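Provided below for reference: sequence and predicted model.
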Amino acid sequence: MTILLAILIGGLYASGLYMLMRRSIVKLIMGLVLLSHATNLLIFTVGGLTRGAPPLIEVGATEPATPFADPLPQALILTAIVIGFGVLAYAVVLIEQTHRSVGTDDSNNLRGIEGDL
Amino acid sequence: MGLLLLAPVLIPVFAAAVALLWRNYRVQWWIALAGATGLLLSAIAILVTVSRDGIQVVQLGNWPAPFGISFVADLFSAIMAVLGGIIALAVVIFSRAVVDRPRVRYGYYPLLLILMMGISGSFLTGDIFNLYVWFEVMLMSSFVLVALGNERAQLEGALKYVTINLISSTIFLTAIGILYGITGTLNMAHLSVQLAESDQTALVTVVAVLFMIAFGIKAALFPLFFWLPASYPVAPNAITALFAGLLTKVGVYALIRVFTLLFTQDVGYTHTILLILAGFTMLTGVLGAASQNEFRRILSFHIISQIGYMVMGLALFTPLALAGAIFYIIHHIIVKTNLFLISGAVHRLQGSYQLDQLGGLYRSRFALAVLFLIPAMSLAGLPPLSGFWAKFVLIRASLEIDRPAIAVVALVVSLLTLFSMTKIWAEVFWKKRPQTTVETTGITTRIWRQMLVPIASLASLTVLIGLLAEPVFALSSDAAEQLLSTQEYVSAVLGGVR
């Protein structure tokens, strides 16, 4: 399972980076989405995969029976997803506005500011 | 102490919430002013407490470290928080004169306060994932502030700024994930202990380099700096001043924090990379500035070259060099913000940033010309201003451990900085104003004063740091000592727990 996820994560990173390097601004955003998914899965995987063992403490015990799944990576991912969602929503509005004012989806046509190279 | 340590985070967010209740721009400004003043006062109180009683720690929700999130203030954090407060106050006062009403209506002041919350949070947190969260808070409000106004150039600049920062955040998060995989902890003090005992040196070094890239992008380190001159000059000018002073320095702060506390296993490798990057950062920044003819772009390129000096202090990794780096940060934040504020004032007076359309300010606004000379000469490192001492300490530190090459680079860059500054001086202040330019109107004495007060205060701080270099340097070297003796930080956070 870990190997499978590792390959998946690698694939997501690779396609995300590929998309970032495309000229289309929409694809750039897609690239960022893929990258953030890859990162979330990475945190999930490196935290260690334990199946069917929730970190619950039995009545009377002081600590959960080992092995148990580490809940922290999931908490981190949850935070990262929420932040990623907010940032992405902003980015989508930004490209929409940029498209409206520049009239192109091609990042090569962004002139930049006056006197820019 | 608990509440005091959280005050630099709580005061801005509280002020932002209150400011959102009023749409009147005057009321919002007063609230922002109160928020920034509160931030500065609480940061000063923290600095006083830390320098008297040592490192201060608060465990949020009373969860003992390393299980909860710790807030830690050592001298370095406290110094940074105070600088943040000074800059916030100056920028808020200045904003009154230059920020137009539509921008205020769209929430300029609340955003500025939330940005300050993110910055203070980054300085004071003791948890690496929490640092990521503060970075995002900071980024989110800075994204909106860059694009506020929806001008075409702004949107283009914002797009570049957003993209590069999101990539940097992703790399940062990836590095945190792997770090958690190696050590199983996120508390920086605990990480320091765990990494020192870790035998996976190669993997740790890879993570270290990932952090270097992530923070290098934020700090605009060579070769990751290109976004800065493309995006900073398009924001509203008060905001550019705030960004220039603080945002890249948060990156530098994070670099210094992780490369003194966490990644000291393979100093010969990681810090040598940093040293080489520092040299190139200085050179490319200053050469880029030399080829520019727009006020704010020249200054933006100079941010890059100055970042090089700070990273050089970190890379040399001796107590003296780190003290130099901290001194440099203190000097740089004040001077750089001031130069951008002056460019904003010049824009308000003459309606342009292009050097060939400006001129004659020496005759018409003598006070501004003098006030420009102080930070400009300090940036170039002329004695007895603050920049001279900062550079002197760094170059001396590099010669002490036999790294003459970087000292030569630092000196050459210093000379080229002087060239750039004299170029601005000659074009903007000295030469006659070209006839073709349009007049801007509505500069009342009141607006003029609102612009001059923050500029003059920051300039006098620069002079003060230059004249009282001794106590400021003593403070910096105490902070550097504290950074290098990680044991002190670790035991303050973890207490007896190991």
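Nice, I can see it.

how about low-confidence regions in the chain?
Looking at chain A here, since you left the chain open. Scanning chain A for pLDDT under 70 picks out the ranges A:111-117.

Switch to chain B, please.
Using pLDDT under 70, chain B drops low at B:1, B:436-442, B:496-498.

Tell me, how many residues neighbour whichever residue of the stretch 51-200 of chain B sits closest to chain A?
Nearest residue of the stretch 51-200 of chain B to chain A (CB to the nearest CB) works out as B:Gly181 at 3.0 Å. Where you see a C-beta, it was placed from the backbone N, CA and C, and this is true even at glycine. B:Gly181 has 18 neighbours, counted by other CB atoms under 10 Å in any protein chain shown.

Does it touch A:Val46 like I think?
Yes. Using CB atoms under 8 Å, B:Gly181 is in contact with A:Val46, at 3.0 Å.

was I right about B:Ala219 contacting B:Val311?
Yes. Counting by CB under 8 Å, B:Val311 is a contact partner of B:Ala219 at 7.3 Å.

who touches both of these two?
B:252, B:255 (CB atoms under 8 Å, 6 or more residues apart in numbering or on different chains).

Just the buried positions in stretch B:97-116, please.
Going by neighbour count (16 or more other CB atoms under 10 Å in any protein chain shown), the buried part of stretch B:97-116 is B:97-99, B:103-104, B:107-116.

again with stretch B:451-469
B:451-452, B:454-459, B:461-462, B:465-466, B:469.

which one is A:Leu88 nearest to, not counting chain neighbours?
Distances taken as CB to CB, 6 or more residues apart in numbering or on different chains put A:Val33 closest to A:Leu88, at 6.5 Å, once the chain neighbours are dropped.

List the buried residues of the strand or helix carrying the one you found.
Using DSSP states H and E, A:Val33 falls within helix A:25-46. Across helix A:25-46, burial judged by 16+ other CB under 10 Å covers A:25, A:27-46.

cool, stretch A:59-72 as well?
Those would be A:69-70, A:72, for stretch A:59-72 by 16+ other CB under 10 Å.

circling back: for the helix holding A:Val33, output the C-alpha coordinates as PDB.
Extracted in PDB, the C-alpha atoms of helix A:25-46 (Å, rounded to 0.1, in the frame of the first residue of the first chain):
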ATOM      1  CA  ILE A  25      -2.900  30.300 -16.500                       C
ATOM      2  CA  VAL A  26      -5.800  27.900 -15.900                       C
ATOM      3  CA  LYS A  27      -3.400  25.000 -16.200                       C
ATOM      4  CA  LEU A  28      -1.100  26.700 -13.800                       C
ATOM      5  CA  ILE A  29      -3.900  26.700 -11.200                       C
ATOM      6  CA  MET A  30      -4.600  23.000 -11.900                       C
ATOM      7  CA  GLY A  31      -0.900  22.400 -11.300                       C
ATOM      8  CA  LEU A  32      -1.100  24.000  -7.900                       C
ATOM      9  CA  VAL A  33      -4.200  21.900  -7.100                       C
ATOM     10  CA  LEU A  34      -2.300  18.700  -8.000                       C
ATOM     11  CA  LEU A  35       0.700  19.800  -6.000                       C
ATOM     12  CA  SER A  36      -1.300  20.400  -2.900                       C
ATOM     13  CA  HIS A  37      -3.100  17.000  -3.200                       C
ATOM     14  CA  ALA A  38       0.300  15.400  -3.600                       C
ATOM     15  CA  THR A  39       1.600  17.100  -0.400                       C
ATOM     16  CA  ASN A  40      -1.500  16.000   1.600                       C
ATOM     17  CA  LEU A  41      -1.100  12.400   0.500                       C
ATOM     18  CA  LEU A  42       2.600  12.600   1.300                       C
ATOM     19  CA  ILE A  43       1.900  13.700   4.900                       C
ATOM     20  CA  PHE A  44      -0.600  10.900   5.200                       C
ATOM     21  CA  THR A  45       1.800   8.300   3.900                       C
ATOM     22  CA  VAL A  46       5.000   9.300   5.800                       C
END
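
Check which helices and strands it is in contact with.
Applying 3 or more CB pairs under 8 Å, 6 or more residues apart in numbering or on different chains; DSSP states H and E, we find helix A:25-46 packed against helix A:2-20, helix A:72-102, helix B:152-183.

Can you name the residues of the stretch 151-300 of chain B sitting close to chain A?
B:152-153, B:155-160, B:162-163, B:166-167, B:169-170, B:173-174, B:176-178, B:180-181, B:184, B:186, B:230, B:233-234, B:292-294, B:297 (CB under 8 Å from any CB of the partner chain).

Just the buried subset of those, written out for ChimeraX, thanks.
A single ChimeraX command is used to select the members of these judged buried by 16+ other CB under 10 Å:
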select /B:152,153,155,156,157,158,159,160,162,163,166,167,169,170,173,174,176,177,178,180,181,186,230,233,234,292,294,297
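
follow-up on the earlier one: can you tell me which of the helices and strands packed on helix A:25-46 is most buried?
Highest mean neighbour count among the helices and strands packed on helix A:25-46 (mean count of other CB atoms under 10 Å in any protein chain shown): helix B:152-183, with a mean of 23.

Would you mind getting the angle between it and helix A:2-20?
Helix B:152-183 and helix A:2-20 are oriented at 160 degrees to each other (axes from the mean of the first three to the mean of the last three CA atoms, to 10 degrees).

Can you name the next helix or strand after helix B:152-183?
Next helix or strand after helix B:152-183 toward the C-terminus (DSSP H and E): helix B:188-197.

hmm, back to that, the residue nearest to A:Leu88 contacts A:Ala89, correct?
No. The pair A:Val33 / A:Ala89 is not scored as a contact, 11.5 Å apart, by CB under 8 Å.

ok, back up a step: next one: the residue nearest to A:Leu88 from B:Leu159, what distance?
16 Å (CB to CB, to the nearest Å).

of all of chain A, which residue lies closest to chain B?
Closest point on chain A to chain B, by CB to the nearest CB, is A:Val46, at 3.0 Å.

so that residue touches B:Gly184, yeah?
No. The pair A:Val46 / B:Gly184 is not scored as a contact, 10.1 Å apart, by CB under 8 Å.

so the residue in the stretch 301-450 of chain B positioned nearest to chain A bridges to which residues?
When scored by CB to the nearest CB, the stretch 301-450 of chain B has B:Gln354 as its residue closest to chain A, at 7.6 Å. Beta-bridge partners recorded for B:Gln354 (DSSP bridges): B:Glu294.

now B:Trp63: how far from B:Arg396?
Taken as CB to CB, the span from B:Trp63 to B:Arg396 is 44 Å.

With B:Ala290 instead?
Distance from B:Ala290 to B:Arg396, by CB to CB: 27 Å.

residues in contact with stretch A:69-81?
Contacts of stretch A:69-81 (CB under 8 Å, 6+ apart): A:36, A:39-40, A:43-44, A:46-51, A:53-55, B:129, B:132-133, B:173, B:176-177, B:180, B:184, B:186.

burial measure for B:Gly279, as a count.
22.

Now do the contacts for it.
B:308, B:312, B:405-406, B:409.

Recalculate using a threshold of 10 Å.
B:222, B:308, B:311-312, B:315, B:403, B:405-406, B:408-410, B:413 (CB atoms under 10 Å, 6 or more residues apart in numbering or on different chains).

Filter those residues down to just the buried residues.
For the contacts of B:Gly279, buried by 16+ other CB under 10 Å: B:222, B:308, B:311-312, B:315, B:403, B:406, B:409-410, B:413.

Name the nearest of those residues relative to B:Ala238.
When these are ranked by distance to B:Ala238 (CB to CB), B:Gly308 comes first, at 26.1 Å.

If we go by neighbour counts, what in stretch B:10-25 is buried?
Buried, per 16+ other CB under 10 Å, within stretch B:10-25: B:10-16, B:18-19, B:25.
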